[in-house]
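Below are the sequence and a predicted model for it; my questions follow.
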Amino acid sequence: MLRELKTFIAVTRHGTFAATGMHIGLTQSAVSAQIRQLEQALGVALFDRTGRQATLNAAGVRALPLAKEILETFNRMAVPVEANEYRGELKVGAISTAQTGLLPQALVRLRQAAPTVECKLVPGVSLELLSQVDAGELDSAIIIRPPFDLPKELHVQVLRKEPFALIVPHALAGDDPLQLLGSQPHVRYDRASFGGRLVSRFLREQKLEVQVALELDELEAIVKMVECGLGVSLIPQAGLWLERSPQVRIIPLGHLTFYREIILLSRYNHRNLPVPQLFARCLLADASL
């Protein structure tokens, strides 16, 4: 009956039997048959079937949290007691700032807790890593939260919020971020990236037109360009540049401050497996909002 409970939960996420089948690899008729078997076992209907939609009725609403609790209890039964009982490979994607920030200590904890687990780190930008998690090619990924709704089968755990600030060359006078943005060349955080889209929204909301001197996605490179006097830049306060003494001034945005959220992304059907669950705990031990 566990299979039927998983399908029941999936239908509540995807809204139709056809969409559920596409996401979990079953035909529509197989999904319908599993839901019918579950309803017969419980002795109640769980959905109001209106056209192509499958909408939870009162019994379904009551059953949903109980179904999730049953599956979570079952998954906990599989959690190893001893470190050497953890087995297998863990494929983790990470953006560059996570590779040098959150990940190292988390991987040390994972190694200590499960020395036989083989971890493979896949670098990339947020959009690429999101696609790889969605396709099942990665167990999880540390990315910037995208500025759009994610597929319902993906689970998000917020790890931290990183404030944006204006960085300017040391020799540049002035402390008004809006005035400096409007008057100085801009080393722009790539507009195609999730973080860069946040910058675009900020500039749009402040009705600022900027003179773009250069556009790129790598934070360390952006800082170097500003150090050399190429322009000013709006970037998140994250990365190795904060650990050295860059030749830039950091100007806070005050009440205009906006943030990028760093999230751990995984598929719902992966996140409660023993190794990904252990990795999430190791990661959250260091993460702070």
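On my side now, so go ahead. Owing to the predicted nature of the structure, the values given are computational and were not obtained by experimental measurement.

Got phi/psi on residue 21?
phi -60, psi -40 (degrees, to the nearest 10).

how far away is it from residue 34?
10 Å (C-beta to C-beta, to the nearest Å). Every C-beta, even on glycine, is put in place using the N, C-alpha and C of the backbone.

which of the two has more neighbours?
When residue 21 and residue 34 are compared for neighbours, residue 34 comes out ahead with 23 against 20, by other C-beta atoms under 10 Å.

Would you double-check that that one falls in a helix?
Yes. Residue 34: assigned to a helix according to DSSP: H, G, I helix; E, B strand; the rest coil.

so who does it touch?
By C-beta atoms under 8 Å, 6 or more residues apart in numbering, residue 34 lies in contact with 3, 4, 7, 8, 26.

can you tell me the helix or strand for the last one?
Mapping residue 26 onto the secondary structure by DSSP states H and E places it in no helix or strand at all.

shouldn't it be in contact with residue 7?
Yes. With contact defined as C-beta atoms under 8 Å, residue 26 counts as touching residue 7 (7.4 Å).

Between those two, which contacts overlap?
Joint contacts of residue 26 and residue 7 (C-beta under 8 Å, 6+ apart) are 20, 34.

more neighbours, those two?
residue 7 (22 against 18).

For the nearest residue to the more buried one once chain neighbours are set aside, report the pLDDT, please.
Leaving aside its chain neighbours, residue 7 sits nearest to residue 34 (4.5 Å; criterion: C-beta to C-beta, 6 or more residues apart in numbering). Looking at residue 34, its pLDDT is 92.

any idea how far residue 34 is from residue 197?
40 Å.

Please apply the same query to residue 256.
For residue 256, the distance to residue 197 - C-beta to C-beta - is 17 Å.

on that earlier part again, can you add secondary structure, pLDDT and distance to residue 95 and give the contacts of residue 34 back as TSV?
TSV is the format used below for the contacts of residue 34 (DSSP: H, G, I helix; E, B strand; the rest coil; pLDDT from 0 to 100; distance: C-beta to C-beta, whole Å):
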residue	secondary structure	pLDDT	distance to residue 95
3	helix	87	36
4	helix	90	38
7	helix	90	34
8	helix	90	35
26	coil	83	34
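
so which pair among these is furthest apart in space?
8 and 26 (12.7 Å; C-beta to C-beta).

List the buried residues of stretch 217-233.
Applying a neighbour-count criterion of 16 or more other C-beta atoms under 10 Å, one finds 217, 218, 219, 222, 223, 224, 225, 226, 230, 231, 232, 233 buried in stretch 217-233.

For the second one, list the residues it contacts.
With C-beta under 8 Å, 6+ apart as the criterion, the residues that contact residue 218 are residue 96.

buried ones in the helix or strand hosting residue 12?
If you go by DSSP H and E, residue 12 is part of helix 2-14. Residues 4, 5, 6, 7, 8, 9, 10, 11, 12, 14 are the ones in helix 2-14 that count as buried (16+ other C-beta under 10 Å).

That'll do, ta.
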